[in-house]
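Q: structure of the sequence below:
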Amino acid sequence: MSTIEFTDDAPLLSVDGVSIEYETRDGGRLRAIDDLSFEIDTDEILGLIGESGCGKSTVAKAVLGLLPRNGYVVDGEIQFRGVDLTTLDTTELNQVRWQHVSLISQGAMNSLNPVHRISDQIIEAIQNHDDVSNEDARARVAELFELVGLDPDRMDDYPHQFSGGMRQRAYIAMALVHDPSLIIADEPTTALDVIVQDQILKRLKELQDEFDLSILLITHDISVVAETCDRMGVMYAGKLMEYGNLRSIFDAPYNPYTLGLKNAFPSLTGDQQDLISIPGSPPDLSEVPAGCRFVERCPFATETCTTSHPPLENVGADHHSACYRHEDIEQLREQAQLRESWHRDGSQPTIEQH
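A: Purely as a prediction, here's the structure:
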């Protein structure tokens, strides 16, 4: 078995121009991800946010080579420390999974086998990659339980004896067995109540700080990103709409879709304001518009927006956005903040078009 040689001075994870397609039952192709690019550096949390069906989980599966049989990376590269993961075979990918990159999948708390003790499942993950005794493996499980805030005396329990939050912590412990450099957390707080969500996110942040972990956090919840991440990417219908420094994007979003997400989120510190939802639904990926993916829901769209999807352009320090109206966006934020533009009946705004 060949050993993969990583490059220490390369970005931890670099997704460069990646497009992913699924083969449909009628033999056609559906493009779920279109020309996606982003990077994650060491000791960084990047949040990838968007509505359901925008392609977030497809990205997670592609990084680890876990796309279903009808899914294909048709363009671009996914490099981990300088190694293009899309060129590796299953044996080589298994050298990367768990040891360098681990996954906390959607519904992770329900991914534990109900008929096996939790300790046995984590020990199996350890011994699949390392030649260690049962005694040493059990000691590692106890250590991991303490790291995630679980009582090591409970490690021989079955999953049904744990609450949902405890099972989620146990799965996080499993993701840490080989001290990976990158954890992909795909909706890690789904189906948990808000108190447990907060506990899980704080624990992930503590682990990241303690072990210099990098995390790709995939979620539909903008509050999770705001609380946890250093940088963020906003996805819509398979496209990256805005990307860069978290604070810069939250303070001054340059994309109408990001503005819409922000205005649908209640503020805990500012003046009380009515929340405004984005009217309409994301496009069917089998029939995406010829222009901007967001054009049919955007109150600021012009004729130019119907021609082609805008490129991702630099709009500030570590801040990129895909929109044809960057020159007007600051004025639009001041005039409307989108609240006066998207009415509850979904009608289009009356606003000067430049």
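Q: any idea how far the nearest residue to residue 151 once chain neighbours are set aside lies from residue 114?
A: For residue 151, ignoring the flanking residues on the chain, the nearest one in space by C-beta to C-beta, 6 or more residues apart in numbering is residue 145 at 6.8 Å. For glycine as for every other residue, the C-beta is placed from the backbone atoms N, C-alpha and C. With distances defined as C-beta to C-beta, to the nearest Å, the gap from residue 145 to residue 114 amounts to 19 Å.
Q: how many neighbouring residues does residue 110 have?
A: For residue 110, the neighbour count with other C-beta atoms under 10 Å is 14.
Q: OK, contacts around it?
A: Remark: with contacts taken as C-beta atoms under 8 Å, 6 or more residues apart in numbering, residue 110 is in contact with residue 167.
Q: could you do residue 322 as well?
A: 239-242, 255, 292, 309-313.
Q: residue 201 versus that one, what's the distance?
A: When C-beta to C-beta is the yardstick, residue 322 and residue 201 sit 28 Å from each other.
Q: how about the strands in the protein?
A: Read by DSSP state E, the chain holds these strands, from start to end of the chain: 13-23, 29-40, 45-49, 71-80, 83-84, 101-104, 182-186, 214-219, 231-236, 239-245, 312-316, 319-322.
Q: so how many other residues sit close to residue 198?
A: Look at residue 198: counted by other C-beta under 10 Å, it has 14 neighbours.
Q: also residue 96?
A: Using other C-beta under 10 Å, residue 96 is surrounded by 22 other residues.
Q: isn't it right up against residue 81?
A: No: Residue 96 sits out of contact with residue 81 when judged by C-beta atoms under 8 Å, with a separation of 9.5 Å.
Q: hang on, the earlier thing: need the contacts of residue 322 in TSV with neighbour count, can you?
A: Compiled in TSV, those are given as follows (neighbours: other C-beta atoms under 10 Å):
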residue	neighbour count
239	23
240	26
241	29
242	27
255	28
292	29
309	21
310	22
311	11
312	22
313	13
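Q: just the closest of these to residue 156, please.
A: residue 240 (44.5 Å; C-beta to C-beta).
Q: my read: that closest one touches residue 257, true?
A: No: under the criterion of C-beta under 8 Å, residue 240 lies out of contact with residue 257, with a separation of 10.7 Å.
Q: overlap of the contact sets of these two?
A: Counting by C-beta under 8 Å, 6+ apart, the shared contacts of residue 240 and residue 257 are residue 234.
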